[in-house]
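Asks: Give me a 3D structure for the following:
(3 chains)
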Amino acid sequence: MTSLDEVFDRFLSGGGIFKNREVLCHDYVPEKLPHREEEIEYLGSTMAPVLKGYRCSNLFIYGKTGTGKTAVVRYVLKHLMKKAEELNAPVSTCYVNCRLAGTEYRVLSSLCSSVGVKVPFTGLAQSEVFQRFLKGLEKKGGVLLAVLDEIDVLVKAYGDTLLYDLTRINGELSNSKVSLIGISNDLRFKDMLDPRVLSSLSEEEMVFRPYNAAELRDILEERAKLAFHDGVLADGVIGLCAALAAAEHGDARRSLDLLRVAAELAEREGASKVEERHVREAEKRIERDRIEEVIRNLPLHSKLVLCSVYLLNRKVSTVATGDIYNVYCELCNQIGLEPLTQRRVSGLISEQDMLGLLNSRVVSMGRHGRTKKTRLAIPRSTVKAIFMEDEQLKELVAYTPACLLKA
DNA sequence: CTTCCACAGGAACCAGCGGACC
DNA sequence: GGTCCGCTGGTTCCTGTGGAAG
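Replies: Sure, this is the predicted structure:
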C-alpha cells in the first residue's frame, strides 16, 4: 500500500504529460473545429437574421453522437452573441439539453430562466409555466434563439406536445420572437413527430456526417497540441485513437476520451510517454468502468434480475423470461422481499438490454410459446466481483436455483 | 391449415412523495 | 392545512404474435 503522499507526489511530478487537461473534456468548445467549416458557415448564415431583429428559420440538426453538432451550435452561438453585443441587438439565447433536463417541465423551466423568469422546480401546472414563459418573453422583447439538444429523448418519453406549443408560440407574441434549433442524435426522429410539428420545426435541416479516421486524427492533433507537452505522445497513438473511434461510428467524443484516459494511465504509472498500449488499456478501462458504474447504480430488484440470469447462465447460455422470473422469485424469497410482477420484470430485462448488461431477443418456440431469450452481455466475473462487494448479494451469488438442482 | 403456447409490450391506472400555492 | 401538481415506480388488464405441433 503506497501512502497518499506518494500518490500526490507522483501526480505532481508526473506533470510531464499534461499541459492542459480540460481541453480534452466534453464541454470544452475549441477555437477551431476542423472539418466542420461548411456547417459553421451554413448555421451562421441561417442565424444571421436575428442580428437585425428578425426571426430566423427554425432549424433541425441530425447526427450521431460525437459528430460535432453541439460543438458547432455552441461555437456559432458564442460568436453570434459577441456580434449581437457589439451591435447592441436584442438577441438572447438559451441552450437546454433535454436529456439532462429530463422532463418537459424542466425544459420549460430552463426556457423561463433564460428570459429572467424564475419558476419553482415543481408544484406548478405545466400550462402555467408556459404562460409565465410567454409573459417573460414579451417583457424582455427581442429574439430568443432556443436550442433544444437531444430533443429526441424528450419526444420519445413525453410525445411532441411541448414542441407543438413551441412551434406555434410566435402567433401569441407581439413584442418578441422565438426561433428554435432542435438537435437529435436519432436519425429516425422525424418519424416520431406530428407532420405539423415537423414542417414548422424543420424549415431548415442539417445532417452531420460521422467523422472518418483521417478527420478524427486532425481533431485529435489540434487538441493534443493544447493538451500535452511536446513529444509525450508516441508515434501512432493519435492514429490508434482515431482508428478505434472511427471503427465504431466516427465519434469524436470517444476518440478524445480514449486519448485522455490513455494519457492518464501513462501518467499514473509514471511513464514519460503515452504509448499505444496505453490506448488499448484505456479502451478496456472505459468500457469496464461504464459497466461497473451501471451495475452498482441498479435498483435492488434489477440487481436480483441480473443475478438470476447470472445463476441460470451457469448451466445454459440463453434463458427464457419465465425461467428468469422463477429464479428471481426464489431470490426474493431468500432475502425476504416481495417480488414484483412478471410484467415489471420483463420490463427490467428490457431496460438492462438497453444498458448493455444483457442481450435479449424475442424468439418463438412454436407450440412452446413466444419469449425473450436472454443472456449476459458482460463477463460473468465482472458481475460476480461487483455482487461480492454487497453483503446481501454475496450470499445469492452462491445460491443454486431449484430448477438447476435436479439437472 | 389451424391451434395454441408463453410470453411481449401497450394502455390505463394508482400510491406515495416532495413541493408550491392560497 | 388543504389542494393541486408532476414524477417515479409500480400494478392490472389487455391484445398481439411466430411458428412447431397436431
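Asks: Might you enumerate the residues of chain A proximal to DNA strand B?
Replies: A:120-124, A:320-323, A:342-343, A:346, A:349-350, A:362, A:366-372 (Cβ under 7 Å from any atom of the strand). The C-beta positions use only the backbone N, C-alpha and C, and glycine is treated the same way.
Asks: Surely A:Asn185 is in contact with A:Gly63?
Replies: Yes. Between A:Asn185 and A:Gly63 there is a contact under Cβ atoms under 8 Å: 7.2 Å.
Asks: Kindly identify which of the residues of chain A next to DNA strand B also come near DNA strand C.
Replies: Answer for the residues of chain A next to DNA strand B near DNA strand C (Cβ under 7 Å from any atom of the strand): A:Thr122, A:Gly123, A:Leu124, A:Arg343, A:Gly366, A:Arg367, A:Gly369, A:Arg370.
Asks: could you flag which of those residues are buried?
Replies: A:Leu124 (16 or more other Cβ atoms under 10 Å).
Asks: Report pLDDT for A:Tyr164.
Replies: On the pLDDT scale, A:Tyr164 is placed at 84.
Asks: of all of chain A, which residue lies closest to DNA strand C?
Replies: A:Gly366 (1.7 Å; Cβ to the nearest atom of the strand).
Asks: Distance of that residue relative to A:Arg260?
Replies: 51 Å (Cβ to Cβ, to the nearest Å).
Asks: and what of A:Leu376?
Replies: 29 Å.
Asks: cool, A:Gly136 as well?
Replies: Taking Cβ to Cβ, one finds A:Gly136 at 40 Å from A:Arg260.
Asks: List phi and psi for A:Asn88.
Replies: With angles defined as degrees, to the nearest 10, A:Asn88 sits at phi 60, psi 40.
Asks: who's in contact with it?
Replies: By Cβ atoms under 8 Å, 6 or more residues apart in numbering, no residues touch A:Asn88.
Asks: In this structure A:Cys94 contacts A:Leu144, no?
Replies: Yes. Contact criterion Cβ under 8 Å: A:Cys94 and A:Leu144 qualify, at 6.4 Å.
Asks: So is whatever helix or strand A:Ile295 lives in next to DNA strand C?
Replies: For A:Ile295, the host element (DSSP states H and E) is helix A:276-296. No. Contact of helix A:276-296 with DNA strand C (Cβ under 7 Å from any atom of the strand) is absent, the minimum separation being 14.6 Å.
Asks: Tell me the helices and strands packed up against whichever helix or strand comes after that helix.
Replies: Later in the chain than helix A:276-296, the nearest helix or strand by DSSP H and E is helix A:300-312. The contact analysis (3 or more Cβ pairs under 8 Å, 6 or more residues apart in numbering; DSSP states H and E) places helix A:300-312 against helix A:321-334, helix A:342-355, strand A:370-376, helix A:380-388, helix A:391-397.
Asks: Please produce a markdown table containing the ones you listed, extended by mean pLDDT.
Replies: Converted to a markdown table, the helices and strands packed on helix A:300-312 look like this (pLDDT from 0 to 100):
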| stretch | mean pLDDT |
| --- | --- |
| helix A:321-334 | 93 |
| helix A:342-355 | 94 |
| strand A:370-376 | 93 |
| helix A:380-388 | 92 |
| helix A:391-397 | 88 |
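Asks: Could you dump the ones you listed into JSON lines and include distance to A:Cys403?
Replies: As requested, those are arranged in JSON lines below (distance: least, Cβ to Cβ, whole Å):
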{"stretch": "helix A:321-334", "distance to A:Cys403": "7"}
{"stretch": "helix A:342-355", "distance to A:Cys403": "16"}
{"stretch": "strand A:370-376", "distance to A:Cys403": "15"}
{"stretch": "helix A:380-388", "distance to A:Cys403": "19"}
{"stretch": "helix A:391-397", "distance to A:Cys403": "15"}
